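# Provided below are the primary sequence and the corresponding predicted coordinates.
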Amino acid sequence: MQIAEWKAKYKYGIYAIEVEGHVGYFKNPGRHELNCAMSKADREKALDIFEELANVTFIGGSEEILRDDQMFIGVSQELKAKLDGKRAKLVNL
């Protein structure tokens, strides 16, 4: 029931990440969330961008995947795909 409500609420959709039996639910990021995440970009703290993206898009489930360092590394690898967005094609006219 909760998943159906989230799907209706978040226009860009939702997804889940599972790590060692823990499941976290996230909304797909829009410009606002991506902007918040990108504002944390720092060469010396590369994970900050993923931590911010996770925090601003997390909507429910096990918060342990955000707190446990080892689980969060796995989450970060999956979040990289969300930073890519949809594929676009440049067309010269």
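That came through fine. Residues are numbered from 1 along each chain as shown.
# all strands for this structure, in order.
In the chain, the segments counted as strands under DSSP state E are 14-19, 22-27, 58-61.
# which stretches of this structure have low pLDDT?
Scanning the chain for pLDDT under 70 picks out 43, 85.
# how many other residues sit next to I17?
By other C-beta atoms under 10 Å, the residues close to I17 number 21. In short, each C-beta sits where N, CA and C put it, glycine included.
# quickly note the distance from it to K89.
I17 sits 29 Å away from K89, going by C-beta to C-beta, to the nearest Å.
# again with Y12
Taking C-beta to C-beta, one finds Y12 at 20 Å from K89.
# give me the neighbour count for the nearest residue to E63 once chain neighbours are set aside.
What sits nearest to E63 in space, not counting adjacent residues and going by C-beta to C-beta, 6 or more residues apart in numbering, is G24, at 7.5 Å. Burial of G24 is recorded as 24 neighbouring residues (other C-beta under 10 Å).
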